Structures are given as structure tokens and as C-alpha cells.
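K.L.:
What follows is a predicted protein model with its sequence.
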Amino acid sequence: MPGNELLPVGLVQALLVLLAAPLFTGFSRTLRAKLHSRKGPGIFQNYRDIFKLIQRQEVVPAQAGWVFRFTPYIVMATTLLIAMVLPVLTLQSPLGMAGDVIAVVYLFTAVRFFFALAGLDSGSGFAGIGASREMALAVLVEPTIILVLFVVALLAGTTDLGTISQKVAAGEISYFTPAVWLAMASFAVATFIETGKLPFDLAEAEQEIQEGPLTEYSGRSLALLKWGLYMKQVVVIALFLAVFFPFGSAAVVSTSSLLVSTAVFLLKVAGFYVIAALLENGMARFLLFKAPAVTWVAFGIAMLSFVFYLANV
């Protein structure tokens, strides 16, 4: 069974995302600071923050329930599972049939659901506002992601992410098809939003409303939750790359091909963060009620992609 043969690859992918995620978010913060002519934090600051928080005492609100206590572990475990499922280093899902578009969407939804629910479970009004904002963004962004993946699945004739990656890499799903590049543009916007970038969010700003659910966390739980959110950014980008830019992923599994695909994957993710930093540099944060002006455009582009698919253009 392919899933069993590639299971070590899945574990390598999870380890890669686990170790590299704080580096990429640190790279993003440093790059943005340089563009603003600020010194900013060092590229390894996130590792130091995580290590420091793990050593700190943890304080749990008296009214908090099991959701608050277990959410950091649920977020970490679910994100690692997504990293194992996606065809990141190879053109197949390491977990075989589990690498399904619908399953991946549900896993991402589970991460957001527990993150928002933990904010409400803390009993803090500030965290509750953050949870409301998190769910509002979900309502605005997730329909676009689902519609794009639906169009790509129709073009590939399957919901298997590995097969979709293989058909895109082989050119069977052509970039010259309007439905494809419209879907790609729409998914790029959705990925940009999901990675917590301006003008929609500011992932490291836990003192502001958008990261409100983190407000009552401290010590080890805060470290795990922050680490999990860094990883979520990378796996969202990995999903975008697996669907639309699978080039460089190994078609045949060998040590050399995996080393090459790992290097290519890291470069592609770094490239995404560079482009995102350049875009953020010219933007100010939106008020929440202004976010739909952009998200509806992205959804409209995704809908147009679906129409082009139906028209066979």
C-alpha cells in the first residue's frame, strides 16, 4: 500500500514543518521590519520565545474548561497531521487515501474551530471578541477555498491531492485554461489571508483583537499554541503549492530526490513570504467590516473559475 511505503516521508514532512515554521515566521517579521527601515526582531527570535515560554509557569483561568486546556495540543497534533497528509515533498500523499481534499479542508476547519472555541472557553471578553473575529474570517475565506478546490478536483477528476499534483506537474491541467489561473489567483488571496497577513490580520500581535483567543494563555500552552499557528501558516502555503506549484516535488522516492524536493519546497515557501512582505509593506490594516470587500472579490474570481469550467473554456 503506497500510504505505508511513504509513511516515513510523511513523518519527515511533519518534522520539517515543525522545525522550519518558527524560522519562516521569524524571517517574515525580520523582512517586514527591514522594509519599514526598522531593526526588528532577529530571525531566530521565535525559537527563543518558544523556549522561554515552555519554561514559564502556566496559569489557567478558573472558569476555563477542557477545551481551553487541550486546544494547544489539538492544534499542534492536527497541524502535524495535515503536514503528513499533504503531498509536500513527493507527488503523492504520504498517507495515501487520507490525502483527500475534503479531509484536508475538515482538518483546517477543526484547527480554527478549537482555536476560536478556546477563546470563548477562557471566559475573557477580549478573547471572545478575538474568537468572533476568527470565525468571521472563516465565513469569509473558507467558501473561496472550498470552491477553488472543488474546481480543481473537477478538472482532475478526483479529490485526491496527490493525483491533482501529478496532473498539474505533468501539464494535464494546463495553466492556459482560464478556470485554472482564475482558481490559482483566488486561492492565492485566500492563502494570503489564512497566513495572517496585513491588511486582514497580524499573526504575532497577540495583544490585539485578531489574536484574542491567545489572551489568557501562558507558559507551555501559549508556546504550543503559537508554534501551532506558525505551523498552520506553513501548511496553508504548502497546500497552495501542492495544488498549483507542485514542481520540484519528487516523482520517485529516493534520498537524493527528497533532498532536492526539500530544498525546492523551502525556497518556494520563502518566496511566498517575500512576496507577502512586499505586499504588506504598502498596506494598512483593515477594519473587520471592510474585509469582505476583498474576500468577496476573491470569491467572485473563484466563482468565475467555476463558470469557465462549466463552459469548458
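P.N.:
Everything's here; your move. Not measured: the values here are computed from a predicted model. Residues are numbered from 1 along each chain as shown.

K.L.:
So residue 242 sits against residue 89, correct?
P.N.:
No: contact criterion C-beta atoms under 8 Å: residue 242 and residue 89 do not qualify, at 10.0 Å. Yep, even glycine has a C-beta here, placed from its N, CA and C like the rest.

K.L.:
For these two, list the residues in contact with both.
P.N.:
Shared contacts of residue 242 and residue 89, defined by C-beta atoms under 8 Å, 6 or more residues apart in numbering, comprise residue 249.

K.L.:
continuing past the lowest-mean-pLDDT helix or strand in the chain, what's the next helix or strand?
P.N.:
Lowest mean confidence among the helices and strands of the chain (mean pLDDT, DSSP states H and E): helix 2-5, at a mean of 60. Counting by DSSP states H and E, the next helix or strand C-terminal to helix 2-5 is helix 7-35.

K.L.:
elements contacting that next one?
P.N.:
Packed against helix 7-35, as judged by 3 or more C-beta pairs under 8 Å, 6 or more residues apart in numbering; DSSP states H and E, are the following elements: helix 45-55, helix 66-85, helix 219-244, helix 255-281.

K.L.:
So which of those is nearest residue 26?
P.N.:
helix 45-55 (4.5 Å; C-beta to C-beta).

K.L.:
What are the buried residues along the closest one?
P.N.:
Across helix 45-55, burial judged by 16 or more other C-beta atoms under 10 Å covers 45-46, 49-50, 53.

K.L.:
relative to helix 7-35, how tilted is it?
P.N.:
110 degrees (axes from the mean of the first three to the mean of the last three C-alpha atoms, to 10 degrees).

K.L.:
Residue 34 and residue 49, how far apart?
P.N.:
Between residue 34 and residue 49 the distance is 20 Å, computed by C-beta to C-beta, to the nearest Å.

K.L.:
wait, I meant residue 270
P.N.:
Applying C-beta to C-beta to residue 270 and residue 49 gives a distance of 21 Å.

K.L.:
same thing with residue 292?
P.N.:
On the measure of C-beta to C-beta, residue 292 and residue 49 end up 33 Å apart.

K.L.:
Now do the same for the residue nearest to residue 278 when sequence neighbours are not counted: its pLDDT.
P.N.:
Closest residue in space to residue 278, ignoring its immediate chain neighbours: residue 35 at 7.3 Å, by C-beta to C-beta, 6 or more residues apart in numbering. Residue-level confidence at residue 35 comes out at 82, pLDDT.

K.L.:
surely residue 35 meets residue 282?
P.N.:
No: between residue 35 and residue 282 there is no contact under C-beta under 8 Å: 9.4 Å.

K.L.:
Could you check which of those two is surrounded by more residues?
P.N.:
It is residue 35, of residue 35 and residue 282, that has more neighbours when counted by other C-beta atoms under 10 Å, with 14 against 9.
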